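Asks: after the sequence you'll find the predicted model.
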Amino acid sequence: MKDEILKKEQEFHDRWASLIDVEGIRVRDYFEACTAPENRFILQQIGNVRGKLLLDLGCGAGENSVYFASRGARCVASDYSPGMVEVALKLAQSNGVAIEGRVINAMAIDYPDNTFDIVYASNLLHHIPNPKLTIREIHRVLKPGGVICFWDPLKHNPVINVYRQMATKVRTEDETPLDINLVRFIDDLFGRTIYDTFWIATLWIFLQFYLIEKVHPNSERYWKKIIIEHQRLQKTYDRLEKIDRLLKQIPGMKRFAWNLAVVAIK
């Protein structure tokens with residue numbers, strides 16, 4: 001069953017990779033735009049990456065590897081989709097940085113123990129049949145003092161769950177958003193864990209896309225649209241983010257965010 005799920009994930013992402021235009025990717029936006037709060041949080045926690053050996057696990061189009069390479073990290077862009085690894089290498093070339101590309105199963109990472117300083121994963125774990133196995137594998141390949149940093153969607157918000165039911169053509173049928181209690185598992189495994197969640201009131205922007213701008217979730221990937229159009233969305237996002245900060249002070253409210261971001265030290 002796991003092999004079947006992985007095969008479908010691979011085929012879906014290979015098809016997606018064949019449609020990607022690397023010249024249209026603005027790498028910095030995925031980490032520095034107002035609508036990229038997960039990566040802004042991660043950057044604040046991990047500090048200087050220059051000279052660090054970084055595994056970008058589930059690299060997708062390679063925005064992450066290219067960004068970290070531009071900041072001096074030695075990056076391995078890895079994905080279960082050979083098509084995505086190829087796109088990542090093209091993106092690196094177009095941005096004038098060097099990265100290594102590898103096809104890797106995230107549940108059986110083909111590297112020795114204690115190899116990497118940092119393992120970064122964005123939007124990966126909810127595609128994995130056994131996220132805890134992947135987290136254990138990440139722990140294994142990290143050096144002592146190494147850092148895992150990732151962000152993924154949570155399963156608890158009813159608005160996002162309606163969106164998922166609608167966006168059937170831009171997501172895989174077997175993906176499973178995370179339970180926020182996964183943080184406890186990570187905290188038990190690693191020495192120090194920091195996390196936050198993002199997008200509660202700010203999810204109004206998704207409703208704006210659908211209800212006001214009449215953009216169907218199957219015609220555009222909303223999670224890409226918020227990055228691509230961050231400049232026009234900034235005033236709205238900034239106002240709503242202030243509300244999010246207040247909402248997250250209410251006990252139990254963090255679980256209703258769209259995304260979870262975690263940084264943990266081995």
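Replies: Received, thanks.

Asks: doesn't residue 236 belong to a helix?
Replies: Yes. The assignment for residue 236 (DSSP: H, G, I helix; E, B strand; the rest coil) places it in a helix.

Asks: pretty sure it is touching residue 207, no?
Replies: No. Between residue 236 and residue 207 there is no contact under C-beta atoms under 8 Å: 11.3 Å. (Glycine included, C-beta is placed from N, CA and C.)

Asks: more neighbours: those two, which one.
Replies: Comparing residue 236 with residue 207 by neighbour count (other C-beta atoms under 10 Å), the higher total belongs to residue 236, at 15 against 12.

Asks: mind listing what the more buried one touches?
Replies: Residues near residue 236 by C-beta atoms under 8 Å, 6 or more residues apart in numbering: 204-205, 208.

Asks: residue 51 now?
Replies: The contact partners of residue 51, by C-beta under 8 Å, 6+ apart, come to 72-74.

Asks: what about the stretch 1-150 of the chain, any weak spots by pLDDT?
Replies: 1-2 (pLDDT under 70).

Asks: now the strands for it?
Replies: For the stretch 1-150 of the chain, applying DSSP state E, counting those that start in this stretch gives strands covering 53-57, 74-79, 100-103, 116-122, 142-153.

Asks: one more: the stretch 151-266 of the chain?
Replies: Listed in chain order, the strands found in the stretch 151-266 of the chain under DSSP E, counting those that start in this stretch are 192-198, 259-265.

Asks: deepest in the core, which of the ones you listed is it.
Replies: By mean neighbour count, with neighbours taken as mean count of other C-beta atoms under 10 Å, strand 259-265 ranks first of the strands of the stretch 151-266 of the chain at a mean of 23.

Asks: same question for that strand, mean pLDDT?
Replies: Averaged over strand 259-265, pLDDT sits at 98.

Asks: tell me the strands beside that strand, with direction?
Replies: Looking at strand 259-265 with DSSP bridges, its partner strands are strand 142-153 (antiparallel), strand 192-198 (antiparallel).

Asks: now that strand - C-alpha only, PDB.
Replies: Extracted in PDB, the C-alpha atoms of strand 259-265 (Å, rounded to 0.1, in the frame of the first residue of the first chain):
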ATOM      1  CA  ASN A 259       0.100  25.500   8.600                       C
ATOM      2  CA  LEU A 260       2.500  24.300  11.300                       C
ATOM      3  CA  ALA A 261       6.200  25.300  11.300                       C
ATOM      4  CA  VAL A 262       8.800  23.400  13.500                       C
ATOM      5  CA  VAL A 263      12.500  23.900  14.200                       C
ATOM      6  CA  ALA A 264      14.100  21.300  16.400                       C
ATOM      7  CA  ILE A 265      17.700  20.600  17.400                       C
END
